[in-house]
Each structure stands twice: as C-alpha cells, then as structure tokens.
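**Student:** Build me a model from this:
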Amino acid sequence: MATDLEFFNVGTTVSCRTCLDKEIEGEVLAFDSTTRMLIIKSDPTSGRASQNNVHMLNLGFVADIQVRRECKDKPAEPSSLNIGRLNARAREQIDKKKKLVMALKAGVSPEGQRLFIAINKTIDEVHWSGEEIVVMKSVRISAPYTPDCVKGDSAATNHVRKIVEKHLKDREEAKRQTAGGN
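**Tutor:** Prediction:
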C-alpha cells in the first residue's frame, strides 16, 4: 500500500486501487482502524446529482491507496435523532412480529397465517382470537378463511371480504404461474 496511514479523516479525498484492479476515488465517510474498513462516497454512476455511490472497502483487499486531498477540518456533528420516534417505530415492529407469533402459537393453518399477513399489510387493527382473525374489532374470519367465512357489520365486512377475495385470487394466480413454469 502506498500510504500506510493508521487513520483517514472524514472528508479526506482518497483514491484506491482494489486487488481486482478497480479504481475508486471519493470522500471518506468513515474509517474503522480496528477492522481496517473504509467507507467512501463517490460520484453517482446513475448520473443523478442528488445521489451518491457508497463503497465499503476492506483495506486488506486494497492494493494501493493515495490521499488526494487531506481534510483537516473537524467533521460536522451528525444530525440529532428523534429517539422517541425511533422507539415508537421499534415498538410498532415488535408488536407486528408478536401478532405473527400469536398465529403460530394458536396452531393456525398456513393459509390462515398468509391471509392474516395479507390483511395486516393494509389494515393495522388485526389480531387473533383463537383460530379466528379479528379485523377492526367488528369483523371475524374463521377457518377455512374464505370470503364466505367473513362475518360482521356490513361496511367493514364488505371491505375485508374484498381483501380476502383478492388474496385468494392472487394465490391462485401464483399457483397457476408456478405450475405453468414447470
């Protein structure tokens, strides 16, 4: 390696030649001296000025590295994170996973689990009550999870029934494509 630096400052412009003889030039975003990983931001190959390419380089596989422009300035402070919002997103994702686990614990058929997932993609207010899927507290879907098994008040029931019909139609179409492809 032409430059045996122990560190690279954020903002420094470097040029690297990998062991595969690929030339990469860009601005250092991060460097970890323990793992010898260098993250570089370079001009976009897509041509869009609002985007950048980001390369993660293991310096063990870099044949040559040259510093084009050293950055002595202290890097800008990272923007603050909204911890409350991140925690809320994490809780929301955990709750969704717990709903799916409940289906497995209830001994629900794979078709019931697939229907639950399909409904949950469009309606958040879905949970299990035994082997029944309960949607918006007023609609219940029992096994074998067909449109005829959707029961509840009229407006919500019609909406959920359409979701079930679409789910079944999509599953049939997928089966036909799989059978036709063999």
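
**Student:** residues making contact with the lengthiest strand in the chain?
**Tutor:** Criterion DSSP state E: the longest strand present in the chain is strand 23-32. Strand 23-32 has contacts (C-beta atoms under 8 Å, 6 or more residues apart in numbering) with 7-18, 37-43, 53-55, 57, 68, 71. The C-beta positions use only the backbone N, C-alpha and C, and glycine is treated the same way.

**Student:** just the buried members of these?
**Tutor:** When the contacts of strand 23-32 are checked for burial by 16 or more other C-beta atoms under 10 Å, the buried set is 8, 11-18, 38-40, 55, 57.

**Student:** Redo those as JSON lines? Include distance to residue 141.
**Tutor:** Formatted as JSON lines, those follow (distance: C-beta to C-beta, whole Å):
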{"residue": "8", "distance to residue 141": "57"}
{"residue": "11", "distance to residue 141": "57"}
{"residue": "12", "distance to residue 141": "59"}
{"residue": "13", "distance to residue 141": "59"}
{"residue": "14", "distance to residue 141": "58"}
{"residue": "15", "distance to residue 141": "60"}
{"residue": "16", "distance to residue 141": "57"}
{"residue": "17", "distance to residue 141": "60"}
{"residue": "18", "distance to residue 141": "55"}
{"residue": "38", "distance to residue 141": "53"}
{"residue": "39", "distance to residue 141": "48"}
{"residue": "40", "distance to residue 141": "52"}
{"residue": "55", "distance to residue 141": "49"}
{"residue": "57", "distance to residue 141": "52"}
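
**Student:** Now render those residues as JSON lines, adding secondary structure and pLDDT.
**Tutor:** Shown next, in JSON lines, are the buried ones among the contacts of strand 23-32 (DSSP: H, G, I helix; E, B strand; the rest coil; pLDDT from 0 to 100):
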{"residue": "8", "secondary structure": "coil", "pLDDT": "85"}
{"residue": "11", "secondary structure": "coil", "pLDDT": "89"}
{"residue": "12", "secondary structure": "coil", "pLDDT": "91"}
{"residue": "13", "secondary structure": "strand", "pLDDT": "93"}
{"residue": "14", "secondary structure": "strand", "pLDDT": "94"}
{"residue": "15", "secondary structure": "strand", "pLDDT": "94"}
{"residue": "16", "secondary structure": "strand", "pLDDT": "93"}
{"residue": "17", "secondary structure": "strand", "pLDDT": "93"}
{"residue": "18", "secondary structure": "strand", "pLDDT": "89"}
{"residue": "38", "secondary structure": "strand", "pLDDT": "93"}
{"residue": "39", "secondary structure": "strand", "pLDDT": "94"}
{"residue": "40", "secondary structure": "strand", "pLDDT": "94"}
{"residue": "55", "secondary structure": "strand", "pLDDT": "93"}
{"residue": "57", "secondary structure": "strand", "pLDDT": "93"}
